[in-house]
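Trainee: Generate coordinates for the sequence data below:
(chains A, B, C and D)
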There are 4 protein chains.
Amino acid sequence: MKVSVIGVTGYSGLEVLRYLKHHPFVEVVSIHSHSMNKKSFDAVYPHVKQLISLPLEKIDTEKIMAISELVLLAVPSGISKELAIPFIEAGFPVIDLSGDFRLKDKGAYETWYKSTSAPLEMIHQFDYGLAEYREVPTSKWIANPGCYATAAELSLAPLLKKKLIALDSVVIDAKSGISGAGKGLSQSTHFPDSHDNMSLYKMNSHQHIPEIMQQLKKWSSEVEAIQFSTSLIPVTRGIFLTAYVKALAPISDEKLIQIYREEFEQDSFIRIQEVGTYPVLKQVIGSNYCDIGLAYNDQTKIITIVTVIDNLGKGAAGQAVQNLNIFAGFDQRCGLENLPIYP
Amino acid sequence: MKVSVIGVTGYSGLEVLRYLKHHPFVEVVSIHSHSMNKKSFDAVYPHVKQLISLPLEKIDTEKIMAISELVLLAVPSGISKELAIPFIEAGFPVIDLSGDFRLKDKGAYETWYKSTSAPLEMIHQFDYGLAEYREVPTSKWIANPGCYATAAELSLAPLLKKKLIALDSVVIDAKSGISGAGKGLSQSTHFPDSHDNMSLYKMNSHQHIPEIMQQLKKWSSEVEAIQFSTSLIPVTRGIFLTAYVKALAPISDEKLIQIYREEFEQDSFIRIQEVGTYPVLKQVIGSNYCDIGLAYNDQTKIITIVTVIDNLGKGAAGQAVQNLNIFAGFDQRCGLENLPIYP
Amino acid sequence: MKVSVIGVTGYSGLEVLRYLKHHPFVEVVSIHSHSMNKKSFDAVYPHVKQLISLPLEKIDTEKIMAISELVLLAVPSGISKELAIPFIEAGFPVIDLSGDFRLKDKGAYETWYKSTSAPLEMIHQFDYGLAEYREVPTSKWIANPGCYATAAELSLAPLLKKKLIALDSVVIDAKSGISGAGKGLSQSTHFPDSHDNMSLYKMNSHQHIPEIMQQLKKWSSEVEAIQFSTSLIPVTRGIFLTAYVKALAPISDEKLIQIYREEFEQDSFIRIQEVGTYPVLKQVIGSNYCDIGLAYNDQTKIITIVTVIDNLGKGAAGQAVQNLNIFAGFDQRCGLENLPIYP
Amino acid sequence: MKVSVIGVTGYSGLEVLRYLKHHPFVEVVSIHSHSMNKKSFDAVYPHVKQLISLPLEKIDTEKIMAISELVLLAVPSGISKELAIPFIEAGFPVIDLSGDFRLKDKGAYETWYKSTSAPLEMIHQFDYGLAEYREVPTSKWIANPGCYATAAELSLAPLLKKKLIALDSVVIDAKSGISGAGKGLSQSTHFPDSHDNMSLYKMNSHQHIPEIMQQLKKWSSEVEAIQFSTSLIPVTRGIFLTAYVKALAPISDEKLIQIYREEFEQDSFIRIQEVGTYPVLKQVIGSNYCDIGLAYNDQTKIITIVTVIDNLGKGAAGQAVQNLNIFAGFDQRCGLENLPIYP
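Mentor: Numbers count the residues shown, from 1 in each chain, chains lettered A, B, ... in the order given. The predicted model follows:
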């Protein structure tokens, strides 16, 4: 299968290339940037030298559709909605890593992204690509989930589906590595300001909140709101998410783990920890894995869920490749069974 | 005022010396280690060369009481309870930075520290040294609070005292720099394993939980339990604590901030952020400050409190010096008005 | 080809498994630890869960030789020399990642490793495995080079072979990530002591000095001594080596680069930078690449060589796999053509 | 003594304020920014809240001269040369932290800074402020040395003055924390690109080279060139400098140390290590100390000098305060005797 990738100079686009390099059935036939068209790719990123010999091209929709079977869009939210339209209008398959085609409620994008949304009927043609819970896996347009959203949704799915928790009790404290803020420069991602530091940002206003709500409601329509905070920690990659929910009835750690293992039995990339052990961030870095640990506190009736993913892996490029596998009918694990890089 | 410091080779003891170096009215007359008695101090810590010329001495209780007016004990929990006894029996003033004299309930220490407690009547002679809420500021025995406990208690005090929140709704997600684990070696604090990593430890079992509960009950006796999690983040110093509590009634951010500012009006080291701004960890490092930001979410009715301290500052040595100032009748700010180190 | 790996709980052994996971022609049939025999492997390293299902076994030489065709020894120097002997005596192929079989001069090991060497005649049966310069590529016993040694030797080879530099002028300032110190605990690798820090260690006494000298003398027998310093920088992985040598005659950067490109024309893993650009450490992390930048200073007549490798990649496991490929007659690139992980 | 500080929103200016906060005889009466005039200072830097209540003012030369006795200029090179002129013309004392008034040779500034220099006769009125070697300590205009230059000059002074080394053999490999690049944003100081990374920059072209040469020639007029490289390491603060020089005759480590100790006997901020020990970067952070370790290698005849400073301390703000003390006739140690922050 031949694919093109747009946005390869961004961190997610770069990671798409890293995964596809190993894919047994996919060949990247062209790479594109919306911001840097003149440079050779290994002049921008010397680490690809001798490994990726494709030139960095400007975006030529017609040419892409002529030589490829699918395009991966790894550009920032706001840009994707422009670039994707000609592909969609031509009926050409797209996996979009931005937030532009995820929110199906009228007005939601405008409220949370502070910008005009893509045409709503176009958004509705997209399948929300939470790989373990794809609804229309045959759609040719896939809105790859956000990094925080992926971790949050996978953390809560089993409890919501089994109706084990108080729906007004969800508190999620999520932390992200700084690559999550992208390649763009800002004071808060300047090394002297971010190193040895931690900060909470977008208090009660992160754009993944409506995305998470939209998915949670599919599992439990009565969920009304979740408390969701996002902080930056001084690591390059990774999301470390801690969720707290009130159990409707006491439950043992063993039982919790059993429920999660059963729910994700068919899912290669969700690994549930043993009783009394919790995942560390580093155990998924460089991979598409999502590792989850669970504990019930009988003093507070609260279940704590500790979930880790690589924001550029399962939270972006890894899941995009997984969605590509689903679309193409490949084994979901193709190109994704590498060991996380540790230490 | 002449003081001795025991445990100067540990991180907290070292930081006590750093603060006292500037203190206008306090002179450190002897320094001691329970583990390293033979070495010169600047051979262990070259950064003190020419600045601290005192020899590293073994612990001689009689001598200390002969030359000093107070002793600061900065040794690990479990060791303090042995070392403190002769001073207490002799009626000699002690500021203890360990957890050995904080828990006043029978059996609490045994349950949470998995070890025999100091004599309970001795513990009851100690004043719990949360500096802004000292009950018996004239006691000559002060149990300096834990780092997490300090941040958690100061975060919740105004809301509990004003009865503004649902008491069964407290969720605290606290993150600590790795110096909080002390100078002792372990795999989880080995650089290749801890750098670029994050981990949750002591799930539902951290020994500061009963300490926090003991203090919260003073403000609101009906509090029964709190959800309290502790994680390690890859920074050397600092506690970044995020607390979530359900408000009993809607409240504006402005009102929240006003309540906190009024509560801490007299307290030099508590700084409340402006509306819509939240403290970053680095803004208190190297200092005794505790900075707090507040936000109300009208979707979830949850108040988020973001609190940062230096675990070795307000969370240990800084507060110990503040308690020393209270004990001696000095201005609380003596020796503590340095600028945090930024960047 | 079936292989066994001994020392998989160390960082290099772990990395051997990460590379071999992708190898098209090699199957790891058993994994062993000299220190941890009872635990399951994913209990020690959760990141391998579902990816490596082999049990962690104790070392049974007979069994290994019965089921494998080659053994990779990734244990610390000093242990290897014991473990390797039965394999060698049985004529069974070994790739050894330790320093125990590298130094061929009588007394050298004793002098630099402060310990008794393996039998000298055994050492002489080993081929020193600097992959680009293997002398006896058919030997079944391969001493994989040290991480610093690999970077230093590749940096200097073209200049020495072409006799372009003053032989008494070599100064090498090498910096290593902390994983280079291995998994064992020490104060200098404790996070609070190593983070935000840098230190020079083993001043004029690093055990890679005689290893480098031994190789340099093959290219230029009159080299008598090199100045070689090793420092720790606060990164997990990587060697950043800066070498300074006096040119015998003025030379342009273009010419220097041409010489290096010609020398390494056949070598897939050596990438020479363009004029005026120098490699950054991160561009080789997670890979077997060695990237080299060059500059001539006409004020000082000094050529500066900047060389980066992943100490666990080209500096250990990557080169071991490359040596395995050479031994087995596979393409040297098998299993090693992954993109470095960036950012 | 009343002083004003211009450039307080930069890292060096901020650090000047941190030191002066403790100074017994100096009061900062006004603070200024050339880029941010409208904001309150604690809105930009919340860590100063309650500690610095001065407003952030625009630069009004007349007003500054009316209320102050001296101005510290902590703005980037290129801006200083404009801002300083009216003060100099009015005969008002200036300590300038930029590179604009350091290079006394005609054309040097243009060559290395790629920009028009300040009037040369003005530059000649400045005293180069290497505090331990001030020539005209009574000058009212002081060009505070560069961070790298300070470390390099102090490292070599005793050997040059005593004529112990081959003058054409100096190789300096200097590494800097990222705050050295200032507060301005760039891809190479963006966290995901700089964390876990190391890079050499300005190969053979760093603007501190002529500054160092100018000073070295004062001690040994025949020095013609030095090899000087600068790299970025992923720490916030600090310079770790390793210098290599050929000894004219064999020398013991003891003798080397004795020479350095004698040379710096009167200098409070230069600390020479014991035989066989070398400074680590962290032992000077937050302070004005410069720590030096020494070793002679009898194989190569090379003396290695390991020197550490805080680039914002002895390399900028600390030395500026030291120069202020010299100018005002205070003890050089005033305001500078704090303990480095460790860990």
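
Trainee: burial of the spatially closest residue to A:S194 that is not a sequence neighbour, as a residue count?
Mentor: Leaving aside its chain neighbours, A:S194 sits nearest to D:F191 (4.6 Å; criterion: C-beta to C-beta, 6 or more residues apart in numbering or on different chains). The C-beta positions use only the backbone N, C-alpha and C, and glycine is treated the same way. Other residues near D:F191 come to 30 when the count uses other C-beta atoms under 10 Å in any protein chain shown.

Trainee: what does A:K163 give?
Mentor: Around A:K163 there are 11 other residues, counting by other C-beta under 10 Å.

Trainee: And A:V275, by the same measure?
Mentor: By other C-beta under 10 Å, 12 other residues sit near A:V275.

Trainee: Over to A:D42?
Mentor: Neighbour count for A:D42, taken as other C-beta under 10 Å: 18.

Trainee: so what's the backbone phi/psi at A:G146?
Mentor: The phi/psi pair for A:G146 (degrees, to the nearest 10) reads phi -70, psi 160.

Trainee: ok now do it, which residues does it touch?
Mentor: Going by C-beta atoms under 8 Å, 6 or more residues apart in numbering or on different chains, A:G146 touches A:G99, A:R102, A:Q207, A:H208, A:E211, A:G315.

Trainee: Just the ones of the residues you listed in helices?
Mentor: Helix and strand membership here follows DSSP state H; of these, those in helices are A:H208, A:E211.

Trainee: Highest neighbour count among the contacts of A:G146?
Mentor: When neighbours are taken as other C-beta under 10 Å, the top entry among the contacts of A:G146 is A:G315 (31 neighbours).

Trainee: Tell me the pLDDT of that one.
Mentor: Looking at A:G315, its pLDDT stands at 98.

Trainee: what's the closest non-adjacent residue to it?
Mentor: Distances taken as C-beta to C-beta, 6+ apart place A:C147 nearest to A:G315, at 2.9 Å, with adjacent residues excluded.

Trainee: Could you check how far that neighbour is from A:Y128?
Mentor: Look at A:C147 and A:Y128: by C-beta to C-beta, to the nearest Å, they are 14 Å apart.

Trainee: Roughly how far does the residue nearest to A:G315 sit from A:G99?
Mentor: Taking C-beta to C-beta, one finds A:C147 at 11 Å from A:G99.

Trainee: Tell me the residues that contact both of the two, please.
Mentor: Residues touching both A:C147 and A:G99 (C-beta under 8 Å, 6+ apart): A:H208.

Trainee: my read: A:L232 touches A:Y201, true?
Mentor: Yes - with contact defined as C-beta atoms under 8 Å, A:L232 reaches A:Y201; the gap is 6.5 Å.

Trainee: Contact partners for A:H208?
Mentor: Going by C-beta under 8 Å, 6+ apart, A:H208 touches A:G99, A:G146, A:C147, A:Y148, A:A149, A:A152, A:F228, A:T230.

Trainee: Export those as TSV, with columns for secondary structure.
Mentor: Below are those laid out as TSV (DSSP: H, G, I helix; E, B strand; the rest coil):
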residue	secondary structure
A:G99	coil
A:G146	coil
A:C147	helix
A:Y148	helix
A:A149	helix
A:A152	helix
A:F228	strand
A:T230	strand
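
Trainee: Pipe the residues you listed into a markdown table and attach distance to A:C334 per row.
Mentor: Formatted as a markdown table, those follow (distance: C-beta to C-beta, whole Å):
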| residue | distance to A:C334 |
| --- | --- |
| A:G99 | 26 |
| A:G146 | 23 |
| A:C147 | 22 |
| A:Y148 | 26 |
| A:A149 | 24 |
| A:A152 | 26 |
| A:F228 | 33 |
| A:T230 | 32 |
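
Trainee: quick check, nearest of the residues you listed to B:T300?
Mentor: Using C-beta to C-beta, A:F228 comes nearest to B:T300 of the contacts of A:H208, at 8.7 Å.
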